[in-house]
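Undergrad: The amino acid sequence is not available; the structure is as follows:
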């Protein structure tokens with residue numbers, strides 16, 4: 001167990017010793033969320049559930065990416081590729097897209113960022129048949145690649161990823 005998770009668990013114990021049951025439940029909920037966010041931030045991935053199947057979610061994402069004027073480079077359908085070798089894989093598609101006006105400055109800040117660009121959104125089905133949308137968190141890329149001086153671009157990328165994925169899972173047209 002990593003030290004940050006141990007710290008959060010120890011903090012929960014101290015908090016629990018001094019609060020009522022209702023206050024304990026509130027603090028436990030906050031602590032669970034903090035631990036979950038720590039785990040997510042360690043691998044740099046953000047995952048959201050979609051109410052649509054993988055095909056519909058991908059379609060919606062592609063439309064939003066195009067509407068935003070971004071370049072959709074490709075859609076890699078891993079499940080179709082698995083079928084070609086006689087394997088079975090739950091629906092899994094990877095959208096690769098971007099905007100050189102944003103990506104180029106990030107690569108100028110840190111050339112190794114190019115390995116994570118263009119941006120990617122993975123749409124996949126979990127073991128419960130629930131469609132998931134996963135993408136790299138830009139703040140994780142900042143840490144991973146030692147990016148300095150590009151906070152404005154990272155914030156822009158973060159906002160675009162949040163907007164694209166939120167709109168794709170929103171059930172309003």
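TA: Alright, I've got the coordinates. Values in this document were obtained by computation on a predicted structure and should not be read as measured data.
Undergrad: contacting residues for the spatially most central residue of the chain?
TA: Nearest to the mean C-alpha position of the chain, by C-alpha atoms, centre = their mean, lies residue 46 at 2.4 Å. Counting by C-beta atoms under 8 Å, 6 or more residues apart in numbering, residue 46 makes contact with 40, 134-137, 161. Just so you know, the C-beta spots here come from the backbone N, C-alpha and C atoms, and that holds for glycine as well.
Undergrad: ok, now residue 161?
TA: Here residue 161 is in contact with 46, 119, 121, 135, 138 (C-beta under 8 Å, 6+ apart).
Undergrad: can you confirm the residue nearest to the centre of the chain is in a helix?
TA: No. In this structure, residue 46 is strand, not part of a helix, as judged by DSSP: H, G, I helix; E, B strand; the rest coil.
Undergrad: doesn't residue 53 make contact with residue 131?
TA: Yes. With contacts counted by C-beta atoms under 8 Å, residue 131 reaches residue 53, the gap being 5.9 Å.
Undergrad: what do those two both touch?
TA: 91, 125.
Undergrad: more neighbours, these two?
TA: Using other C-beta atoms under 10 Å, the more surrounded residue of residue 131 and residue 53 is residue 131, with 22 against 15.
Undergrad: contacting residues around the more buried one?
TA: Neighbouring residues of residue 131 by C-beta under 8 Å, 6+ apart: 49-54, 57, 91, 123-125.
Undergrad: Now tabulate those residues in JSON lines and tack on distance to residue 84 and pLDDT.
TA: As requested, the contacts of residue 131 are exported to JSON lines (distance: C-beta to C-beta, whole Å; pLDDT from 0 to 100):
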{"residue": "49", "distance to residue 84": "29", "pLDDT": "97"}
{"residue": "50", "distance to residue 84": "26", "pLDDT": "97"}
{"residue": "51", "distance to residue 84": "30", "pLDDT": "97"}
{"residue": "52", "distance to residue 84": "26", "pLDDT": "97"}
{"residue": "53", "distance to residue 84": "22", "pLDDT": "97"}
{"residue": "54", "distance to residue 84": "18", "pLDDT": "98"}
{"residue": "57", "distance to residue 84": "23", "pLDDT": "98"}
{"residue": "91", "distance to residue 84": "15", "pLDDT": "97"}
{"residue": "123", "distance to residue 84": "19", "pLDDT": "98"}
{"residue": "124", "distance to residue 84": "18", "pLDDT": "98"}
{"residue": "125", "distance to residue 84": "19", "pLDDT": "97"}
